[in-house]
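K.L.:
Pasting the sequence and the predicted model now:
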Amino acid sequence: MAKGFRMGIEILSLLLIVVLFGVLALGLWVGFGLIAVGLVAMMLASTAPAELVFGTKVWGALNIWDLTALPMFIWMGEILFRSRLSSDMFSGLAPLTGRLPGRLLHANIFGCALFAAVSGSSAATTATVGRMSVPELTKRGYDDRMIIGTLAGSGTFGFLIPPSIILIVYGAATEQSIARLFLAGIGPGILLAVLFSGYTMIWALMNRERMPEREPATSWGEKLRALTLLGPTILLIVAVIGSIYAGLASPTEAAVVGVLGALILSAIGGSLDWQSTWEALRGATITTCMIAFILAGAAFLTVAMGYTGIPRALAAWIGEQGYSPNLLLAALVVFFVILGMFLDGISIVVLTTSVILPMVLAAGIDPIWFGIFLVLVVEMSQITPPVGFNLFVLQSITGRSIFEIARYAFPFFLLLVLATAILTLFPEIALWIPQTMLAR
């Protein structure tokens, strides 16, 4: 009897996977696709009224106070995307990177890191920095593969460096502290920036013939002016993250601070008008609604999967295998990378968390650390074809094919794998800052 039930679970699992990829292949929005799979699961595995379960679960999933930070951070990023802050940031970084091996290529890396710290979005980070840097670096004779590669890899910082939208989604889905997740993302974000910058230096030293002629040295006065251009960005980062660290604001309140700061900076820079304000608000609304539909669909699918018994059976099967925590994490890396070839990052997080997290907790893995691990792996999906959002953004900027861009980004994909391995060996990279700061 038990064997027959287990076979039923396997057939049902295969059927639901076919339904999921079927509805996605038909072009149905991800959120509605998840709802469709949930309805099929409940019809096949439960006699409970699907409409009542749907209404109750969706309301509970979206009626979470922490989620109010989501539209505010998205709005902040949209405002800054349309302001002079982004161009000032690139102009401020250029004189400061001129003496490093690789020179202005580092402006891509540090520019993405800075903009990620005020936008929370990977695609917005890639698009904003790319629109400024690609024409400028191409005009100065830098190698195309490094221009595109550094931008593709560094654009993923938007997922990791706080205020990260995907960390807010993970925190809401798993009931973890968003403040702790934000602080946990700082160390790995710095690690990635160092790895990318280090690789760029090594490449530049080994390929001197492919680097342009060195430009005249910048004076201390020019460097000082560059620092003043970076001042507004740094001030906004300190206001948002510093208010959380100091205990003056929750993540939601810090998001409001960020929006007000972005509006003030845009007004001072002369880029705040009714047209740009309306476009920023409209863009934030569209993105927020998209994420809300995905969260709603994932919440319903989660409870539907509970009725099928698939998560329990899967967790029990993995428990029977006796995998060590490191072996489990290695298997999850492969699983998420494959999944990332077909789904966007937020969909991956909300779709898999309810199934994966019980196994992770049973293996004794810290859920805050696992959130950062998950984001690092999901970052890989941003630069893997055929559905790599950073690849799509760069295709629109450069006109290159998706697979050509993916080839240029491949070294940075390997660096993401290396960063994930380092984080696994040294979990304190993510956990030290939240444990130290929030323990005070």
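P.N.:
Everything's here; your move.

K.L.:
Going by C-alpha atoms from here, please, whenever you check contacts or count neighbours.
P.N.:
Will do.

K.L.:
what number of residues lie near I35?
P.N.:
Applying other C-alpha atoms under 10 Å, we find 23 residues neighbouring I35.

K.L.:
Could you check how many residues crowd around G270?
P.N.:
For G270, using other C-alpha under 10 Å, the count is 11.

K.L.:
How about L235?
P.N.:
The number of residues near L235, taken as other C-alpha under 10 Å, comes to 12.

K.L.:
One more: L44?
P.N.:
12.

K.L.:
Figure out the helix or strand that it lives in.
P.N.:
According to DSSP states H and E, L44 maps onto helix 30-45.

K.L.:
for E279, same thing?
P.N.:
Per DSSP H and E, E279 falls inside helix 274-308.

K.L.:
and the angle from that helix to helix 30-45?
P.N.:
Inter-element angle recorded for helix 274-308 and helix 30-45: 20 degrees (by axes from the mean of the first three to the mean of the last three C-alpha atoms, to 10 degrees).

K.L.:
helices and strands around helix 274-308, which ones?
P.N.:
helix 30-45, helix 50-62, helix 69-81, helix 345-362 (3 or more C-alpha pairs under 8 Å, 6 or more residues apart in numbering; DSSP states H and E).

K.L.:
and if we set it to 10 Å?
P.N.:
Helices and strands touching helix 274-308, as assessed by 3 or more C-alpha pairs under 10 Å, 6 or more residues apart in numbering; DSSP states H and E, comprise helix 2-25, helix 30-45, helix 50-62, helix 69-81, helix 165-174, helix 251-269, helix 310-321, helix 345-362.

K.L.:
among those helices, which is the most enclosed?
P.N.:
helix 69-81 (a mean of 25; mean count of other C-alpha atoms under 10 Å).

K.L.:
For it, output the C-alpha coordinates as CSV.
P.N.:
Extracted in CSV, the C-alpha atoms of helix 69-81 (Å, rounded to 0.1, in the frame of the first residue of the first chain):
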residue,chain,number,x,y,z
ALA,A,69,8.8,47.9,2.0
LEU,A,70,8.7,46.3,-1.4
PRO,A,71,6.9,48.9,-3.5
MET,A,72,8.8,51.7,-1.7
PHE,A,73,12.2,50.4,-2.5
ILE,A,74,11.1,49.7,-6.1
TRP,A,75,9.8,53.3,-6.4
MET,A,76,13.1,54.6,-5.0
GLY,A,77,15.0,52.7,-7.7
GLU,A,78,12.7,54.0,-10.4
ILE,A,79,13.2,57.6,-9.3
LEU,A,80,17.0,57.2,-9.2
PHE,A,81,16.9,55.5,-12.6
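
K.L.:
for that helix, packing partners?
P.N.:
Contacts defined by 3+ C-alpha pairs under 10 Å, 6+ apart place helix 69-81 against helix 85-97, helix 105-119, helix 122-139, helix 165-174, helix 251-269, helix 274-308.

K.L.:
same question for that helix, mean pLDDT?
P.N.:
The average pLDDT for helix 69-81 rounds to 78.

K.L.:
Pull the distance from it to the chain's centre.
P.N.:
How far helix 69-81 lies from its chain's middle: 14 Å, per C-alpha atoms, centre = their mean, to the nearest Å.

K.L.:
how big is the angle separating it from helix 251-269?
P.N.:
In terms of direction (the same axes, to 10 degrees), helix 69-81 departs from helix 251-269 by 20 degrees.

K.L.:
Could you pull up the residues touching I433?
P.N.:
Applying C-alpha atoms under 10 Å, 6 or more residues apart in numbering to I433 gives the contacts R180, F182, L183, A184, G185, I186, G187, Y245, A439.

K.L.:
host element of the closest residue to the fourth one other than its chain neighbours?
P.N.:
Spelled out, that is A184. With sequence-adjacent residues excluded and distances taken as C-alpha to C-alpha, 6 or more residues apart in numbering, A184 is closest to A430, at 4.6 Å. Taking DSSP H and E as the criterion, the element that holds A430 is helix 428-437.

K.L.:
What about E175? Give its phi and psi, please.
P.N.:
With angles defined as degrees, to the nearest 10, E175 sits at phi 60, psi 40.

K.L.:
Give me the pLDDT for it.
P.N.:
Looking at E175, its pLDDT is 82.

K.L.:
From M305, how far off is it?
P.N.:
For E175, the distance to M305 (C-alpha to C-alpha, to the nearest Å) stands at 19 Å.

K.L.:
the more surrounded of the two?
P.N.:
Each of E175 and M305 has its neighbours counted (other C-alpha under 10 Å); M305 has more, 22 against 12.
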